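Peer 1: attaching a predicted model along with its sequence, questions to come.
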Amino acid sequence: MRISRGTAMALFAFGIWSWIIWITFAKNLWASNQSWAADGSPTGYFIVHAVLTVVSFVLGTAIGVLGWRGIRATSKDRANT
């Protein structure tokens with residue numbers, strides 16, 4: 001399957017954007033008072049949002065890698081023509 005260069009660049013940009021957003025969110029989650037109980041253990045709020053963050057990192061990475069591969073493939077196609 002082939003994707004256009006523009007689509008590949010959009011996927012790659014989304015992967016980068018996802019990492020920027022979720023790193024910021026993870027830092028804020030860690031510093032939040034809602035994340036930790038009085039005894040220092042993580043709350044349900046922390047656990048749910050930590051899982052959401054990890055899943056978003058994985059999906060953002062996968063989408064970014066697809067975009068990067070698409071960019072490289074379209075670059076090779078241009079070089080061969």
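Peer 2: Alright, I've got the coordinates. Residues are numbered from 1 along each chain as shown.
Peer 1: distance of the residue lying closest to Ala8 once chain neighbours are set aside relative to Gly64?
Peer 2: Among residues not flanking Ala8 along the chain, Gly70 sits closest, at 2.8 Å (Cβ to Cβ, 6 or more residues apart in numbering). From N, CA and C alone the C-beta is placed, and that goes for glycine too. Gly70 is 11 Å from Gly64, where distance means Cβ to Cβ, to the nearest Å.
Peer 1: who has more neighbours, the two?
Peer 2: Gly70 (22 against 19; other Cβ atoms under 10 Å).
Peer 1: what's near enough to touch that one?
Peer 2: 3, 5, 7-8, 11-12 (Cβ atoms under 8 Å, 6 or more residues apart in numbering).
Peer 1: swap in Arg69?
Peer 2: Per Cβ under 8 Å, 6+ apart, neighbours of Arg69: Ala8.
Peer 1: got the buried residues for the strand or helix carrying it?
Peer 2: Assigned by DSSP states H and E, Arg69 belongs to helix 44-80. Buried residues in helix 44-80, counted by 16 or more other Cβ atoms under 10 Å: 46, 49, 53, 56, 60, 63-64, 66-68, 70-71, 74.
Peer 1: so what does Trp36 look like in phi/psi?
Peer 2: Note on Trp36: its backbone torsions stand at phi -130, psi 140 [degrees, to the nearest 10].
Peer 1: so what's the spatially most central residue of the chain closest to, chain neighbours aside?
Peer 2: Among the residues of the chain, the one closest to the centroid is Gly60, at 2.7 Å (Cα atoms, centre = their mean). Of all residues beyond its chain neighbours, the one nearest Gly60 is Ser18 (2.8 Å), with distances taken as Cβ to Cβ, 6+ apart.
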